[in-house]
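>>> Model the following, please.
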Amino acid sequence: MFLEKIRKKIRLFFLKNKEPYLSLFQILGFYPNDVTLYEQAFLHRSVSPLSFGKNSNNERLEFLGDAILDAIIADIVFAHFPNKREGFLTNTRSKIVKRETLNQIALALGLDKKVTSLPYVAVHNKYLLGNALEALIGAVYLDQGYEGCRKFVKVQIVDKYFSLNKIAGQEVNFKSRLLEWSQKSKLQIEFNLIESFIDDAGKPVFHTSVSLEGTHLGTGVGNTKKESQQMAAKTAFKKINKDKDIRRFIEIQKSRLQDNEP
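Okay, the predicted model is just below:
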């Protein structure tokens, strides 16, 4: 490992254009092998057809990074909380990878100075930086492998920006998370109040259903409308993550959307 670091530094010394390697080192904590992967990670699709070709953008890397980040955070949380059950681990991971958090981390890493997009995208796409961070993680995975990517996420993201014990105690807003996921996936989520009544103890009861593109995902019951929606969203997330038929349905819907894109 030590010899490999020396070899990379020697190679860097003889390079004519050192800047990309040096600036990426500030973000990554290591010198990359393939700079072009990282350049693609920072390229939004709004500009890629203009100069770089239709498919030379960060969407594929974002897809990969999203999955890899989920796996690595699950790995880290699993190791950190050896006695906790699945529901606790799932909730803790959800808090770390939620969209607002990824945007904040991307900003802290300085990705706002790296991402290339058309001006209107930077103004209107509030998930631009979070998406770029996922693409960056996809690039690190391809460049450094799983262990190298896990080290990057652990050292440069989790250790710097999170207290796992503290974040585990925070409450998850499942409805917000579900709506964020649906917006990113470009799929429609709907919450509908099925019924409301007063129970025998005189407390209000709300029964809410949630659907994805017209397909039922789950229901929730609570003493407020908001609570019933939260419980319905929690059930929906479990189906999205665990139910093979629902996951197949989601892939079909995403494929349909891509086929209809210009």
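>>> So F197 belongs to a helix, correct?
No. Assignment of F197 by DSSP: H, G, I helix; E, B strand; the rest coil gives strand, placing it outside any helix.
>>> could you show me where the helices are in the stretch 51-200 of the chain, in order?
Residue ranges of the helices in the stretch 51-200 of the chain, as given by DSSP state H, counting those that start in this stretch, are 59-80, 86-97, 99-109, 119-124, 128-152, 159-161, 164-168, 174-185.
>>> Of these, give the one that comes closest to D199.
Closest approach to D199 among the helices of the stretch 51-200 of the chain (Cβ to Cβ): helix 174-185, 23.0 Å. Backbone N, C-alpha and C define where each C-beta goes, glycine included.
>>> for I27, phi and psi?
phi -90, psi -40 (degrees, to the nearest 10).
>>> excluding its backbone neighbours, what's nearest V155?
Counting by Cβ to Cβ, 6 or more residues apart in numbering, G29 is the residue found nearest to V155 once chain neighbours are left out, at 6.2 Å.
>>> Can you give me every residue that contacts that neighbour?
F152, V155, Q156 (Cβ atoms under 8 Å, 6 or more residues apart in numbering).
>>> Filter those residues down to just the buried residues.
Buried members of the contacts of G29, scored by 16 or more other Cβ atoms under 10 Å, are F152, Q156.
>>> nearest spatial neighbour of I189, skipping sequence neighbours?
Counting by Cβ to Cβ, 6+ apart, the residue nearest I189 is S182, at 4.1 Å.
>>> got it, and M231?
Among residues not flanking M231 along the chain, G220 sits closest, at 2.9 Å (Cβ to Cβ, 6+ apart).
>>> To which secondary structure element is that neighbour assigned?
Under the criterion of DSSP states H and E, G220 resides in strand 215-222.
>>> Tell me the strands beside that strand, with direction?
Listed by DSSP bridges, the sheet partners of strand 215-222 and their directions read strand 204-212 (antiparallel).
>>> Model confidence score at the residue lying farthest from the centre of the chain, please.
Ranked by distance from the centre of the chain (Cα atoms, centre = their mean), the top residue is D200, with 43.2 Å. Looking at D200, its pLDDT stands at 84.
>>> Phi and psi next, for it.
Note on D200: backbone dihedrals following degrees, to the nearest 10 are phi -60, psi -20.
>>> how much space between it and G220?
20 Å (Cβ to Cβ, to the nearest Å).
>>> got it, and G87?
15 Å.
>>> and if you look at I194?
Distance of I194 to G220, given as Cβ to Cβ: 10 Å.
>>> And E147, by the same measure?
Using Cβ to Cβ, we find E147 at a distance of 40 Å from G220.
>>> Neighbour count: these two, which is higher?
G220 (23 against 8; other Cβ atoms under 10 Å).
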